[in-house]
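K.L.:
Following is a predicted model, sequence given first.
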Amino acid sequence: MPPAPISPIKVGHIDDVQELRKTKPRTIPQRFVRDMTERPTLTTPVSPPHTHMPVIDFSLLTKGNKEELLNQLFILATACEEWGFFQVINHEVDLNLLESMENLSSEFFMLPLEEKQKYPMAPGTVQGYGQAFVFSEDQKLDWCNMFALGIEPHYVRNPNLWPKRPERFSETVEVYSREIRKLCYDLLKYIALGLGLKGDAFKKMFGVAVQAIRMNYYPPCSRPDLVLGLSPHSDGSALTVLQQAKGGPVGLQILKDNTWVPVQPIPNALVINIGDTIEVLSNGKYRSVEHRAVAHEEQERLSIVTFFAPSYEVELGPMPEFVDENYPCKYRRYNHGEYSKHYVTNKLQGKKTLDFAKIQTRNTS
Ligand SMILES: COC(=O)C(/C=C/C1=C(C)CCCC1(C)C)=C/O[C@H]1C=C(C)C(=O)O1
Ligand SMILES: O=C(O)CCC(=O)C(=O)O
Ligand SMILES: [Fe+2]
């Protein structure tokens, strides 16, 4: 008997939110309206110690004296353990390059829809222009347009999805991705040192790291209280680097101690977060913190996100350094390629994707 055909994913009609905003600025189709429990808090009163995400001065890690280095390593290790997020200043990525990347991404999203649709994100896939992580007709949609590309190694690339316009877009993505890749390797070195590991521990383990870029464009929304810019999720990467376009509103929120805490952008800083890989390797000492994006009533917002992860062949599990009788092993060993497949074939649902690797503990009390 021939194998049963795999049923195609039926996602129904997905409105392009930018076009919706242009043509019917006050309409919020029902598929974007969140259930009461999911609706965002837009004016969360934030009180200490939740006011400020830690800030790392990267130049003190690379060029500081011994005392400055140790001090920054301590701040970094505390940020990873208590926040799972931090902002990096003086990161050595050329500020003109950040600006070019921001301008070109914005120009891409401003192209006519027909031009952007030359690079469609097919249902169930994650590269190209559209909405990722949509798998059914009854799933709520995010108030966001995405454009995503696989970068490294080259076999993750789909050359048909690299846009011809704006001019210099692809060239700039290449240069930007090289610089961000270097930053990721450097940060992983300092994160390893902060965990008491050898500086090259992650680099050696990851093989030729997988890297992808995603540009998220959030148009203004007449009812930001009803929608989400991006559903709550943790990142399936080892590390994520987020650039927020200048002058945009606050949009990123992270779940800290059960409260959605808004992240105040710092001009020229990059936001870094720990992804699922580091959570597993550190046996949960560092956690991949759930986060989401909210929309704004009058202002658009643009973010440029790099996901940096181990090679697909790599087998992962908690490192022995983080497992003992007080810290029992919380995750099974698995293949990162399998995890990537699992991640991109499931909707964004908080930390649920990591259940893939969790060892279920029975409560005996
Ligand atoms: C919309 O895409 C994503 O959000 C995303 C996808 C990344 C990827 C590509 C665009 C092409 C190459 C493969 C890869 C899955 C990395 C998120 O990336 C996270 C999810 C995983 C897993 C990861 O490593 O980063
Ligand atoms: O736009 C943002 O601030 C959040 C983006 C994000 O979390 C992501 O793309 O994974
Ligand atoms: Fe994210």
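P.N.:
The structure has been received and is ready for your questions. Ligands and ions are numbered 1, 2, ... in the order given.
K.L.:
and the one helix or strand in the chain whose mean pLDDT sits lowest, what does it pack onto?
P.N.:
Of all helical and strand segments in the chain, the minimum by mean pLDDT, DSSP states H and E falls on strand 259-262, at a mean of 94. Contacts defined by 3 or more Cβ pairs under 8 Å, 6 or more residues apart in numbering; DSSP states H and E place strand 259-262 against strand 252-256. C-beta coordinates here come from the backbone N, C-alpha and C atoms, glycine included.
K.L.:
Output the contacting helices and strands for the strand it packs on.
P.N.:
On a contact count with 3+ Cβ pairs under 8 Å, 6+ apart, strand 252-256 meets strand 259-262, strand 291-293.
K.L.:
and the gap between Lys285 and ligand 2?
P.N.:
22 Å (Cβ to the nearest ligand atom, to the nearest Å).
K.L.:
tell me the contacts of that residue?
P.N.:
Contact analysis of Lys285 by Cβ atoms under 8 Å, 6 or more residues apart in numbering lists 81, 195, 322, 327.
K.L.:
Would you confirm that it belongs to a helix?
P.N.:
No: counting by DSSP: H, G, I helix; E, B strand; the rest coil, Lys285 is not found in a helix; it is coil.
K.L.:
ok so, going back, adjacent strands (with direction) for the least confident helix or strand of the chain?
P.N.:
strand 252-256 (antiparallel) (DSSP bridges).
K.L.:
Now do the partner strand, average pLDDT.
P.N.:
Across strand 252-256, the average pLDDT comes to 97.
K.L.:
so how far is that strand from its chain's centroid?
P.N.:
How far strand 252-256 lies from its chain's middle: 12 Å, per Cα atoms, centre = their mean, to the nearest Å.
K.L.:
Give me the three-state assignment for Val134.
P.N.:
Applying three-state DSSP: Val134 is coil.
K.L.:
that older thread, so how do I select the buried members of the contacts of Lys285 in ChimeraX?
P.N.:
Here is the ChimeraX command that selects the buried residues among the contacts of Lys285 (16 or more other Cβ atoms under 10 Å):
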select :195,322
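K.L.:
Turn the contacts of Lys285 into JSON lines, columns for secondary structure and distance to Val250.
P.N.:
Putting these into JSON lines (DSSP: H, G, I helix; E, B strand; the rest coil; distance: Cβ to Cβ, whole Å) gives the following:
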{"residue": "Glu81", "secondary structure": "helix", "distance to Val250": "24"}
{"residue": "Leu195", "secondary structure": "coil", "distance to Val250": "31"}
{"residue": "Phe322", "secondary structure": "helix", "distance to Val250": "34"}
{"residue": "Tyr327", "secondary structure": "coil", "distance to Val250": "36"}
